[in-house]
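Enquirer: predicted model and sequence follow; I will ask about them next.
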Amino acid sequence: MANAQIDGIKTTLEKLSGELGEMSQMAAHHFDELHDAVNNVASHTLAMEAIISAILANIEIDENAVSAWIRAKTAEFSSPEHGESAAEGIARDFLNKK
């Protein structure tokens with residue numbers, strides 16, 4: 001009877017090992033998909049930054065108006081005591097890199 005129990009435990013462990021391997025492969029696949037999606041967004045963002053930078057070289061923009069617009073659009077998600085948001089910092093960098 002002890003051998004039957006050991007065989008049962010061995011079978012269960014082999015099944016569990018196989019299932020864990022499948023889960024690991026699925027997680028790796030999902031990670032790869034996420035990485036591709038983030039890379040795609042980053043590439044699009046960089047392309048838009050390049051276009052905006054080229055446009056800004058020829059147009060005068062009011063930095064205060066840009067900050068006010070960002071604060072109005074993000075007021076629901078931010079608080080004034082936290083100071084400048086990341087979006088404001090990025091916009092300021094764009095405007096100063098004309």
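Expert: That came through, no problem.
Enquirer: Glu33: neighbouring residues, count only.
Expert: Using other C-beta atoms under 10 Å, Glu33 has 10 neighbouring residues. Every residue, glycine included, has its C-beta placed from N, CA and C.
Enquirer: separation between it and Asn96?
Expert: Counting by C-beta to C-beta, to the nearest Å, the gap from Glu33 to Asn96 is 36 Å.
Enquirer: excluding chain neighbours, what is closest to Glu49?
Expert: Nearest residue to Glu49, sequence neighbours excluded (C-beta to C-beta, 6 or more residues apart in numbering): Phe94, at 7.2 Å.
Enquirer: mind pulling up the pLDDT for the one you found?
Expert: Per-residue confidence at Phe94 stands at 81 (pLDDT).
Enquirer: how about the contacts made by it?
Expert: If a contact means C-beta atoms under 8 Å, 6 or more residues apart in numbering, then Phe94 has Glu49, Ile52, Ser53, Leu56 as its contacts.
Enquirer: redo those residues as CSV? Include neighbour count, distance to Glu84 and secondary structure.
Expert: Output for the contacts of Phe94, formatted as CSV (neighbours: other C-beta atoms under 10 Å; distance: C-beta to C-beta, whole Å; DSSP: H, G, I helix; E, B strand; the rest coil):
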residue, neighbour count, distance to Glu84, secondary structure
Glu49, 14, 19, helix
Ile52, 14, 19, helix
Ser53, 13, 20, helix
Leu56, 15, 19, helix
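Enquirer: reformat these as JSON lines; add distance to Thr11 and pLDDT.
Expert: As requested, these are exported to JSON lines (distance: C-beta to C-beta, whole Å; pLDDT from 0 to 100):
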{"residue": "Glu49", "distance to Thr11": "57", "pLDDT": "88"}
{"residue": "Ile52", "distance to Thr11": "61", "pLDDT": "88"}
{"residue": "Ser53", "distance to Thr11": "63", "pLDDT": "86"}
{"residue": "Leu56", "distance to Thr11": "67", "pLDDT": "85"}
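Enquirer: Throw the residues you listed into CSV and include distance to Asn39, thanks.
Expert: Listed next are the contacts of Phe94 as CSV, based on distance: C-beta to C-beta, whole Å:
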residue, distance to Asn39
Glu49, 15
Ile52, 20
Ser53, 21
Leu56, 26
